[in-house]
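K.L.:
Give me coordinates for this.
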Amino acid sequence: MENFFSILGGMGTMATESFIRILNQRTQAHNDQEYLNYVMFNHATVPDRTAYILDNEAPSPLPFLLDDIEKQNLLQPDFIVLTCNTAHYFFEQLQGATKIPLLHMPREAVNEATKHHQPGEKIAVLATAGTMTAKVYQSELEAKGFEVMAPEQELQEKVNYLIYHDVKENDYINSELYLEILSDVFEKYGCQNAILGCTELSLVQ
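P.N.:
As a prediction, the model looks like this:
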């Protein structure tokens, strides 16, 4: 197969399925041959990324991800998509293990934000505690001149609950909690926009 890319997913599986579904829906194809060529790795057994970022004594996802990169090196895709936002904590190590370009999803999201928002505007990042602790999005946003909302513990706990308890554990789309979080972001914190910095949140959106 030529002219294809690979998707490193499974973190989590339902979010990866949603990513692929949206990708296919937004591809302007009128027959089978006009869809995109890709290979998908659904590596569901990768240890939890947030658990490791918050406690380095927890099992590290990095060896698993590096093994996935090694396998993708054999396939030689044009580029690799890493669908887990929190896993971008390991981006430099993963890119260092291959000559194949890895798309930096948070960087792409922030670049898109610059097309619609001006430097100095306040933007919220809704993400796992691991993504927030690692400043995966904050560093990219601040480099572009945006103010990044610093969520209080209560708001972060709501986001964590929505991601882990509702979506990951129970496959439940808690629209009420999601709207409550957005209300806090825009009304209480005065943000101009919000980035859904966790792939599971795309299921709720």
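
K.L.:
Which secondary structure elements does the worst-scoring helix or strand of the chain on mean pLDDT sit against?
P.N.:
Scoring the helices and strands of the chain by mean pLDDT, DSSP states H and E places helix 199-204 at the bottom, with a mean of 81. Under the contact criterion of 3 or more Cβ pairs under 8 Å, 6 or more residues apart in numbering; DSSP states H and E, helix 199-204 touches helix 13-25, helix 175-183. (Glycine included, C-beta is placed from N, CA and C.)

K.L.:
tell me which strands and helices the first one is in contact with?
P.N.:
With contacts defined as 3+ Cβ pairs under 8 Å, 6+ apart, helix 13-25 has these neighbours: strand 5-9, strand 38-42, helix 199-204.

K.L.:
quick check: domain ranges of the chain?
P.N.:
Taking automatic domain parsing as the reference, the chain has its domains at 5-103, 106-204.

K.L.:
Give me the average confidence score over the first one.
P.N.:
Confidence for domain 5-103, expressed as mean pLDDT, is 96.

K.L.:
Can you get me the start-to-end distance on it?
P.N.:
In terms of Cα to Cα, to the nearest Å, the two terminal residues of domain 5-103 are separated by 11 Å.

K.L.:
Glu92: how many residues sit nearby?
P.N.:
10 (other Cβ atoms under 10 Å).

K.L.:
element containing it?
P.N.:
helix 91-96 (DSSP states H and E).
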